[in-house]
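[1] Sharing a sequence plus its predicted fold:
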Amino acid sequence: MARLILDRVSKSFGDVQVLQDVSIDVRDGEFLAILGPSGCGKTTLLRLIAGFERVTSGEIRIGEKTVSAPNRHVPPEDRQVGIVFQSYALWPHMTVAQNVGYSQRVLGASKDETRKKVAEALGVVGLGGFEDRSPSKLSGGQRQRVALARCLVQSPNLVLLDEPLANLDVHLRASMEDEFSDFHRRSGSTMVYITHDQAEAMAMADRIAVMDRGRLAQLATPAELHDRPATEMIASFIGGGMVLDAEMLASEADGRCVVRLYDADVKARCARRQAPGRLVKLALYPNALSPSADGRSGVACHVTKLTYLGGRFRVEVAPDRAPSTRLFLHVDEVGGIEQGAALRVAVGEGWVIPHAEGLAA
Ligand SMILES: Nc1ncnc2c1ncn2[C@@H]1O[C@H](COP(=O)(O)OP(=O)(O)OP(=O)(O)O)[C@@H](O)[C@H]1O
């Protein structure tokens, strides 16, 4: 397995620049997710790493070898990169073992050698004993595991996964997340996993590269992305975060600050000291909000909607000072909370976004 380095990679199709200066260093054995909304360039990045596309500028290195540069392009078959696609495309007329071992036979491996490698790969994905099954007699999750084994049998330097769970139902997706994590642990592979599903990326990845309009917006651990999102896009993309206008009142060198949020002064965390009076964007998750215990402090709001979520309620409120803004919180019991009623909302610690757009300097 190998380290993967993307060094200021850019890609244009004609006049359209799809990727701009993307630099990512994936450690040997790391599980990296590339996350972003539709059209942000994830698939293009994967195709560049696999060698299906050429870079416009920048460099891609796998292990010690430069595989892509403007004047150098190692073809896909010489990169030792395994790819698992969304549609696992198993051959229906072949058994599981034949599907997994096909590439070895094509490369001229003996029957015994192939059988041994296939058994090893099926063992890693937890399908030992399934050699003679037909793919039609497997569940969707098992088929995806056969696709993983087929990739693993080629001893790749790197495994690329392109939204491999997108075609599976919700329940299966959750159990497959565990399968992928297990697979990663047992195989020790360096894995790059493309997804637009933040929950999937958070559950599995060591680090997540968030892409926004062709650029790398942040590269961080799941916890860091959640707690310290670098941009508004990340704050709202991860975990249903809210991004609210606030005013800096006071900030300390240790990253603590107080901001004015509508009619309340609230504590927050920030990356650097900022001048009082400055307009900022505050990122908050629903679990930071709760009905004010004393009914007097907190942000004055009115309840706009109440939704039962099974065991708890989701409360949507509009601050009185910003009636078109919506805040969301969860409560176990509604008590006196009802649509149209006044509600004071206590605000726990939020995060002042360091790179907010559209704010006066
Ligand atoms: N061969 C091409 N020629 C021109 N434009 C392209 C080409 N391939 C991709 N694009 C454009 O590049 C942008 C990024 O596409 P890409 O498929 O990489 O995004 P994505 O993040 O994978 O999206 P999705 O999640 O919808 O698959 C899009 O605007 C797309 O239209």
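    Great, that's in hand. Residues are numbered from 1 along each chain as shown.
[2] Identify the spatial nearest neighbour of Leu152, chain neighbours not counted.
    In this structure, Leu152 finds its nearest non-sequential neighbour in Ala121, 4.5 Å apart by Cβ to Cβ, 6 or more residues apart in numbering. C-beta here means a position set from N, CA and C on the backbone, and glycine is covered the same way.
[3] and the one you found, what element?
    Using DSSP states H and E, Ala121 sits within helix 111-124.
[4] Report all helices and strands that that helix contacts.
    helix 96-106, helix 140-152, helix 170-187 (3 or more Cβ pairs under 8 Å, 6 or more residues apart in numbering; DSSP states H and E).
[5] So which elements touch the last one?
    Just to be clear, that refers to helix 170-187. Here helix 170-187 touches helix 111-124, helix 140-152, helix 198-204, going by 3+ Cβ pairs under 8 Å, 6+ apart.
[6] Over to the first one?
    Packed against helix 96-106, as judged by 3+ Cβ pairs under 8 Å, 6+ apart, are the following elements: helix 111-124, helix 140-152.
[7] Of those helices, which is nearest the ligand?
    Among the helices and strands packed on helix 96-106, helix 140-152 comes nearest to the ligand, with 18.5 Å by Cβ to the nearest ligand atom.
[8] angle of that closest one against helix 170-187?
    Helix 140-152 and helix 170-187 are oriented at 30 degrees to each other (axes from the mean of the first three to the mean of the last three Cα atoms, to 10 degrees).
[9] From the chain's centroid, how far away is helix 140-152?
    Helix 140-152 sits 21 Å away from the centroid of its parent chain (Cα atoms, centre = their mean, to the nearest Å).
[10] Let me see the ranges of the strands in the stretch 251-361 of the chain.
    Taking DSSP state E, counting those that start in this stretch as the test, the strands found in the stretch 251-361 of the chain are 256-261, 264-270, 279-284, 289-291, 299-308, 313-319, 327-331, 342-347, 350-352.
[11] how about the residues of the stretch 151-300 of the chain near the ligand?
    Contact residues (Cβ under 6 Å from any ligand atom) of the stretch 151-300 of the chain with the ligand: His196.
[12] Where does the stretch 151-300 of the chain get nearest to the ligand, residue-wise?
    Nearest residue of the stretch 151-300 of the chain to the ligand (Cβ to the nearest ligand atom) works out as His196 at 5.0 Å.
[13] these two touch, right, Gln339 and Thr304?
    Yes - with contact defined as Cβ atoms under 8 Å, Gln339 reaches Thr304; the gap is 7.0 Å.
[14] And those two? Which one has more around it.
    Higher neighbour count among Gln339 and Thr304: Thr304, with 14 against 11, using other Cβ atoms under 10 Å.
[15] As a markdown table, the strands of the stretch 251-361 of the chain with mean pLDDT would be great.
    Output for these, formatted as a markdown table (pLDDT from 0 to 100):
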| stretch | mean pLDDT |
| --- | --- |
| strand 256-261 | 96 |
| strand 264-270 | 95 |
| strand 279-284 | 95 |
| strand 289-291 | 96 |
| strand 299-308 | 96 |
| strand 313-319 | 96 |
| strand 327-331 | 95 |
| strand 342-347 | 96 |
| strand 350-352 | 95 |
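[16] Deepest in the core, which of those is it.
    Mean neighbour count (mean count of other Cβ atoms under 10 Å) peaks for strand 350-352 among the strands of the stretch 251-361 of the chain, with a mean of 24.
[17] other SSEs contacting that strand?
    Applying 3+ Cβ pairs under 8 Å, 6+ apart, we find strand 350-352 packed against strand 242-251, strand 256-261, strand 264-270, strand 279-284.
[18] one step back: winner for burial among the helices and strands packed on helix 170-187?
    Burial of the helices and strands packed on helix 170-187 is given as mean neighbour count (mean count of other Cβ under 10 Å); helix 140-152 ranks first at a mean of 23.
[19] orientation of that helix relative to helix 96-106 in degrees?
    Put simply, helix 140-152 runs at 20 degrees to helix 96-106, going by the same axes, to 10 degrees.
[20] helices and strands around helix 140-152, which ones?
    strand 81-84, helix 96-106, helix 111-124, helix 170-187.
[21] Show me what from the stretch 1-150 of the chain comes close to the ligand.
    The stretch 1-150 of the chain comes close to the ligand at residues Phe13, Val16, Val18, Gly36, Ser38, Gly39, Cys40, Gly41, Lys42, Thr43, Thr44, as judged by Cβ under 6 Å from any ligand atom.
[22] Of those residues, which is the most crowded?
    Neighbour-wise, those (other Cβ under 10 Å) top out at Gly36, 28 neighbours.
[23] Quick check: the gap between it and Val125.
    28 Å (Cβ to Cβ, to the nearest Å).
[24] The spatially closest residue to Arg260 that is not a sequence neighbour - how many residues pack around it?
    Nearest non-adjacent residue to Arg260, counting by Cβ to Cβ, 6+ apart: Glu247, 4.5 Å away. By the measure other Cβ under 10 Å, the count of residues near Glu247 is 15.
[25] Same check on the one 4 residues further on?
    When counting by other Cβ under 10 Å, one arrives at 22 neighbours for Ser251.
[26] Nearest spatial neighbour of it, chain-adjacent residues omitted?
    Spatially, and ignoring its direct neighbours in sequence, Ser251 is nearest to Cys257 (3.6 Å; Cβ to Cβ, 6+ apart).
[27] The one you found: what's it in contact with?
    Residues near Cys257 by Cβ atoms under 8 Å, 6 or more residues apart in numbering: Met248, Leu249, Ala250, Ser251, Lys267, Ala268, Arg269, Cys270, Gln274, Val352.
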